[in-house]
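# Provide a 3D model corresponding to the input given below.
(2 chains)
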Amino acid sequence: TQLLEQSPQFLSIQEGENLTVYCNSSSVFSSLQWYRQEPGEGPVLLVTVVTGGEVKKLKRLTFQFGDARKDSSLHITAAQPGDTGLYLCAGALRLLETSGSRLTFGEGTQLTVNP
Amino acid sequence: DSGVTQTPKHLITATGQRVTLRCSPRSGDLSVYWYQQSLDQGLQFLIQYYNGEERAKGNILERFSAQQFPDLHSELNLSSLELGDSALYFCASSVGTDNSPLHFGNGTRLTVT
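Numbering: from 1, shown residues only, chains lettered A, B, ... in the order given. Below you'll find the predicted structure:
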């Protein structure tokens, strides 16, 4: 079973439409990160949210961290073809015994924005 | 450019063989992470090193091992390869160990035939 569930798995929309993708878990995370990955490349960090209820805006992208720090959403307004990519959420679980940090990724939402 | 370098970009080998994947972290980053990405399982955390020491372990098979050297570069060794090991292997680096944003390389695509 996946620790982080992302929905939808696939999303194909027209340019100019709005969309929301979700990242849900039963675990509490110390922080949550969103990445975007394009074919042939590694994921690139978009944002990190740390505080429950936190909302961060990055131009047309709005990220929200749930109050209980178990879920998050990414909302894109007026989507553009350049937004096409695999959007991954990743929750950080702190490992107190080793001072390490395990970042667990969801399976991603593949977004296609058609011109 | 993330500053993380992975070599080789592509690797094709046969079942039963052993390969080594190499990663140079971004300048100044002390942590190195290895991830495996396959179509059916997404991005799976394998292992983390910080300044040469293992700090976290994920779903890493016993046939796989890794290390981080004094110059902070890291190697992931995959042995007794099976068809199911075919995947993209990503290295990422970060400054610290706790919730630091990860900077990913462009991965090594391993194909086991």
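
# what parts of chain B come near chain A?
For chain B, the contact set with chain A under Cβ under 8 Å from any Cβ of the partner chain comprises B:2, B:4, B:33, B:35, B:41-45, B:48, B:50, B:54-56, B:58, B:90, B:92, B:97-107. C-beta here means a position set from N, CA and C on the backbone, and glycine is covered the same way.

# buried among the residues you listed? Need that as a selection in ChimeraX.
When burial is assessed using 16 or more other Cβ atoms under 10 Å in any protein chain shown, the buried subset of the residues of chain B next to chain A is captured in ChimeraX by this command:
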select /B:2,4,33,35,42,43,44,45,48,50,55,56,58,90,92,97,98,99,100,101,102,103,104,105,106,107
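
# next step: the residues of chain B next to chain A restricted to strands.
If you go by DSSP state E, the residues of chain B next to chain A have B:33, B:35, B:42-45, B:48, B:50, B:54-56, B:90, B:92, B:103-104 in strands.

# and the furthest pair within the residues you listed?
Greatest spacing in these, by Cβ to Cβ: B:42 and B:50 (24.2 Å).

# ends of stretch A:13-29, how far apart?
The first and last residues of stretch A:13-29 sit 31 Å apart, counting by Cα to Cα, to the nearest Å.

# so how far is that stretch from its chain's centroid?
Centroid separation for stretch A:13-29 versus its chain: 7 Å, with Cα atoms, centre = their mean, to the nearest Å.

# tell me if that stretch is near chain B.
No. Against chain B, stretch A:13-29 shows no contacts by Cβ under 8 Å from any Cβ, the least distance being 9.2 Å.

# what stretches of the chain score poorly on pLDDT?
This is for chain A. Flagging of chain A using pLDDT under 70 yields the residue ranges A:1-2, A:94-101.

# wrong chain, I was asking about chain B
B:99.

# quick one: contacts for residue B:89?
Residue B:89 makes contacts with B:6, B:21, B:34, B:35, B:36, B:37, B:76, B:107, B:108, B:110, as judged by Cβ atoms under 8 Å, 6 or more residues apart in numbering or on different chains.

# no, scratch that, I was asking about residue A:114
Taking Cβ under 8 Å, 6+ apart, we find residue A:114 in contact with A:12, A:13, A:14, A:15, A:81.

# so residue A:11 makes contact with residue A:86?
No. Under the contact definition of Cβ atoms under 8 Å, residue A:11 does not touch residue A:86, with a separation of 10.8 Å.

# and the residue positioned nearest the centre of chain B, bridged to which residues?
Residue closest to the average C-alpha location in chain B (Cα atoms, centre = their mean): residue B:34, at 3.2 Å. Beta bridges link residue B:34 to residue B:47, residue B:91, judged by DSSP bridges.

# ditto for residue B:64
Beta-bridge partners recorded for residue B:64 (DSSP bridges): residue B:78.

# surely it touches residue B:81?
No. Residue B:64 lies out of contact with residue B:81 (Cβ under 8 Å); the separation is 9.9 Å.

# if we can go back for a sec, tell me if I'm right that the residue nearest to the centre of chain B and residue B:46 touch.
Yes. Counting by Cβ under 8 Å, residue B:34 does reach residue B:46; the two are 4.2 Å apart.

# joint contacts of these two?
Taking Cβ under 8 Å, 6+ apart as the contact rule, residue B:34 and residue B:46 both touch B:60, B:66, B:76.

# now, of those, which are buried?
Neighbour-count burial within the shared contacts of residue B:34 and residue B:46 applies to B:60, B:66, B:76; the criterion is 16+ other Cβ under 10 Å.
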